[in-house]
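*Asks:* Sequence and predicted model, in that order:
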Amino acid sequence: MTYTAKFRVWRGTDEGGQLHDFDVEVNEGEVVLDIVHRLQASQAPDLAVRWNCKAGKCGSCSAEVNGRPRLMCMTRMNTFEPDEVVTITPMRTFPVIRDLVTDVSYNYEKARMVPAFAPPEDLKPGEYRMAQVDVERSQEFRKCIECFLCNNTCHAVRDHEDNKSTFSGPRFLMRIAELDMHPLDTADRRQVAVEDHGLGYCNITKCCTEVCPEHIKITDNALIPLKERVADRKYDPIFSVASLFRKSDKRTAPGATPGSKAAQG
Amino acid sequence: MTELERHNFDVLVIGAGGAGLRAAVEARMQGKRVAIICKSLFGKAHTVMAEGGMAAAMGNVNSNDSWQVHFRDTMRGGKFLNSWRMAELHAKESPDRVWELETYGALFDRTPEGKISQRNFGGHEYPRLAHVGDRSGLELIRTLQQKIVSLQQDDFRATGDYESNIKIFAEVTITRILTADGRTAGAYGYYRETGDFVLFQAPAVVLATGGIGKTFKVTSGSWEYTGDGHALAMRAGATTLNMEFIQFHPTGMVWPPSVKGILVTESVRGDGGILTNSEGKRFMFDYIPDVFKAMYATTPEEGDRWYTDPDNNRRPPELLPRDEVARAINSEVKAGRGTPRGGVYLDVSSRLPADVIRKKLPSMWHQFKELADVDITKEPMEVGPTCHYIMGGVEVDPDTEETKLPGLFAAGEVSGGMHGSNRLGGNSLSDLLVFGRRAGLGASEYVDRLGGARPSVTDEMVADAEAEALAPFAVESGENPFVIHAELQQTMNDLVGIIRTESEMVEALQRLEEFKVRVNNAKVEGGRAFNPGWHLAIDLRNMLLVGEAVAKAALERQESRGGHTRDDFPEMSPEWRQINIVCSAEGDGVAITRQPIPPMREDLLELFEVSELKKYMTEAELPKGAH
């Protein structure tokens, strides 16, 4: 089914801009990013948009569609009524560069402040041993495609620009949780989470979880356990067992399971 | 206008996917000052799309595996046209490269003993692919990205500046490699954001720009895949080889139209998925070529038993190398046994429980659910061939990855030789790591040898490069670059696609001549800040040069082998196996020459049965005493 849709696209720079109206063709099976590309090819060749894989894997085409933070490549046109006006605006939390493209360097600066993975110093490559059940918690967070929709949505920075200097947003608090839950990480990350990344700003409203295109349970599985660990509370049974295990035998377990071969030939 | 931004580095890495990042890590570890150019944002490169995993003979799942077996599989997959030295280095070094990633923080899926799990894949004799579900590429790129950050943190502790030894330039496109006195001198490009130009002076440049997918209409590649590195290298005086060999991945999505071509991972078949036609027939059993007859199951029963008892059964033909499966699907659809939307069925729903599918293939489940409204745990997928990978690429020294231009290196998809005429699934991610590292090392050693005698960039070179990049703005009444691109893609798809014939390729070359005029006449509206029309006008020149290299090499090679299938020359020829077709830039086009492939080293030749070698080689090439 082909029809003509009404689109309103924000165009402008950091100095200001406005919504522009377009009538544009829509075909069966298309997504919002297809329509933006059609606008580029037919009506606005200099319309700036960031995109890459077009399959929800790279996290480049983040924007706000009818006010909701979305990946444009994963927003199907059949979720709108044919007579509905579709409004696309850039992510609000980050400064606009041009049109739908924003300056997301805040995220890269915060990423650089997260202390790196710290494996046991005497553990050689090829000798790492970890149980599937132990890696799965961090694996969930490593599904993150860094679309930054969570950081765009979190009201602690969305509505409070001045918090950007002290708060890293859900993405990087989750990164800290990921490293903290890594079975072979030796660093204590509690102080860093609070003092350098502003864990206390999070008041667990779960807005980040709602917009995550990878359906990562950011609040429940990363942020709350991290808060509990910081508070030295052990409400989370699996996590507390895992961390006890690590404390008791952190340098060797489970990297050197008895009987396992150290290297393969 | 503002003054030109200038930078000096020891090693400039163009491309920030797996190969580029691994090269940068290595160059930095060798004490070099490194710049990384990303065409997109840092961490978004096309490597994130890789799904299945990285092949490395660690022997975690089947201890019979070894580098020798991996080497054999790679040569077989490439139909013995591979650079055997690269295939050897790759098979030997990939386990170390994978283990190293764990020290950077990668979290692979595990075996019950806690080792890195390994999965089956087409053409690999044993389970060999280290993986994380079906998002292995994301894990690779994120791990390397985080390793770069950790090196920057080390540098910060030592110097007070995160960027003292590795600096990342995001959303920068390189338009030229600059040369002086027959050596690499640097590169010139622009910031996508502002349109401002930037000059990098560096004695060593590593190309890691990936592939050429966007030259074709149906592709699994992203917009970045415009053959930049292939074209930059040829224009700078280096060469490419094997450009006729393009892998059409057998399973791309065929619907909805907007995602046509997007990849459906081979893991679906590795984990038990089967291919059927509109008559419900599991057709791959009809398409086992003679060279593989001994290795593949001849009945569905045997094929099914293989998943649980691989030592006593042969593998199902769904797991033949990709070129075979792609041609089979193409034949079924042509014979009228395709699905209504022009593909075939790929079914995993009748083969595995729903929860296992969601665990093993989470991103496929997600992709089909969200993009096609298909639940792959309940119904089959519709799939068809998609342009996925170019085996050909920049000609490099197998050990150092240096191109024919001193100081210019290449690694990953942009380089050629390693995969011969067809790449095995899983050999790409491991290729990025093995040869990315070697390129970083090669570049560093080159810089050391050069000492203080660094070639310098002149004002004329800069003025030339600037004029070239700005040319599209001077066109007054030209064509929309998006229209030209769509037609170029259609031409390549129709005339130099999965099945080729002389008359069509001659026509393609005629049309490419017309495209040269049109591309020079591409008109750009608006200013230089983040202007996609301008970016495409520049990229189009690269796609055009690469398209010509592909078409000319394909016309020259009068045989069918791997990712090059000629309707008019359907057989594989032992004589052609001894020849690489080499492309170089000449005038505004491409010149080709034939170049002999060096004979395989005796000890590597001995890894094969003579009866197998006879299927590929001339009598004179067989080991002595085997006649």
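*Replies:* Now that the structure is in, tell me what you want to look at. Residues are numbered from 1 along each chain as shown, chains lettered A, B, ... in the order given.

*Asks:* hey, let's count contacts and neighbours off CA atoms from now on
*Replies:* Will do.

*Asks:* Show me chain A divided up by domain.
*Replies:* According to automatic domain parsing, chain A comprises the domains A:3-102, A:105-249.

*Asks:* Quick one: end-to-end length of the shortest one, please.
*Replies:* With Cα to Cα, to the nearest Å applied, domain A:3-102 spans 30 Å between its terminal residues.

*Asks:* what does stretch B:523-531 give?
*Replies:* Terminal residues of stretch B:523-531 lie 12 Å apart, using Cα to Cα.

*Asks:* now swap in stretch B:297-308 and tell me
*Replies:* Length of stretch B:297-308, first residue to last, Cα to Cα: 14 Å.

*Asks:* tell me which residues of that stretch are tucked away?
*Replies:* Within stretch B:297-308, the residues that qualify as buried are B:297-298, B:300, B:302-307, counting by 16 or more other Cα atoms under 10 Å in any protein chain shown.

*Asks:* Keep only those that also lie close to chain A.
*Replies:* Among the buried residues of stretch B:297-308, none lies close to chain A by the criterion of Cα under 8 Å from any Cα of the partner chain.

*Asks:* Take those and keep only those in helices.
*Replies:* Counted as lying in helices by DSSP state H, out of the buried residues of stretch B:297-308, are B:300, B:302-306.

*Asks:* Would you format those as a markdown table with distance to residue B:218 and pLDDT included?
*Replies:* Below are these laid out as a markdown table (distance: Cα to Cα, whole Å; pLDDT from 0 to 100):
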| residue | distance to residue B:218 | pLDDT |
| --- | --- | --- |
| B:300 | 31 | 94 |
| B:302 | 35 | 94 |
| B:303 | 31 | 94 |
| B:304 | 32 | 93 |
| B:305 | 35 | 94 |
| B:306 | 33 | 93 |
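
*Asks:* related to what we said a few turns ago, among the buried residues of stretch B:297-308, list the two that are farthest apart in space.
*Replies:* Of all pairs drawn from the buried residues of stretch B:297-308, the one with the longest distance (Cα to Cα) is B:298 and B:307, at 14.7 Å.

*Asks:* Contacts only, for the nearest residue to residue B:577 once chain neighbours are set aside.
*Replies:* Spatial nearest neighbour of residue B:577, excluding adjacent residues (Cα to Cα, 6 or more residues apart in numbering or on different chains): residue B:81 at 5.8 Å. Residue B:81 sits next to B:75, B:417, B:419-421, B:577-578 when contact means Cα atoms under 8 Å, 6 or more residues apart in numbering or on different chains.

*Asks:* could you redo the last one with a cut-off of 10 Å?
*Replies:* B:75, B:242, B:417-422, B:561-562, B:576-580, B:597, B:616 (Cα atoms under 10 Å, 6 or more residues apart in numbering or on different chains).

*Asks:* Check residue A:160 too.
*Replies:* Residues in contact with residue A:160 (Cα under 10 Å, 6+ apart) are A:93, A:154.

*Asks:* Check the gap between it and residue B:32 for me.
*Replies:* For residue A:160, the distance to residue B:32 equals 41 Å [Cα to Cα].

*Asks:* Also residue B:514?
*Replies:* Relative to residue B:32, residue B:514 is positioned 45 Å away (Cα to Cα).

*Asks:* got a list of what residue B:123 touches?
*Replies:* B:70, B:73-74, B:76-77, B:292, B:295, B:315, B:317, B:319-322, B:423-426.

*Asks:* Which ones among those lie within strands?
*Replies:* Within the contacts of residue B:123, no residue falls in strands by DSSP state E.

*Asks:* Using CSV, write out every CA atom in stretch B:232-249.
*Replies:* Coordinates of the C-alpha atoms in stretch B:232-249 are reproduced here as CSV (Å, rounded to 0.1, in the frame of the first residue of the first chain):
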residue,chain,number,x,y,z
LEU,B,232,42.4,5.6,-2.6
ALA,B,233,45.0,2.9,-3.0
MET,B,234,44.7,2.6,-6.7
ARG,B,235,44.8,6.4,-7.2
ALA,B,236,47.9,6.6,-5.0
GLY,B,237,49.7,4.1,-7.1
ALA,B,238,49.1,0.8,-5.3
THR,B,239,47.3,-2.1,-6.8
THR,B,240,44.2,-4.3,-6.1
LEU,B,241,43.8,-8.0,-7.0
ASN,B,242,41.0,-10.6,-7.2
MET,B,243,38.4,-7.8,-7.6
GLU,B,244,36.1,-10.1,-9.6
PHE,B,245,35.5,-12.2,-6.5
ILE,B,246,32.5,-10.9,-4.6
GLN,B,247,30.7,-12.9,-2.1
PHE,B,248,26.9,-12.9,-2.4
HIS,B,249,25.8,-14.2,1.0
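
*Asks:* distance between that stretch and the chain's centre?
*Replies:* Here stretch B:232-249 is found 11 Å from its chain centre; the criterion is Cα atoms, centre = their mean, to the nearest Å.

*Asks:* So is that stretch next to chain A?
*Replies:* No - Stretch B:232-249 is not in contact with chain A by Cα under 10 Å from any Cα of the partner chain; minimum separation 16.5 Å.

*Asks:* What mean pLDDT does that stretch get?
*Replies:* For stretch B:232-249, mean pLDDT rounds to 97.

*Asks:* Show me the helices in chain A, by range?
*Replies:* Here chain A has its helices, by DSSP H, at A:32-42, A:105-112, A:132-142, A:149-153, A:155-158, A:169-181, A:190-195, A:207-211, A:224-230, A:237-249.
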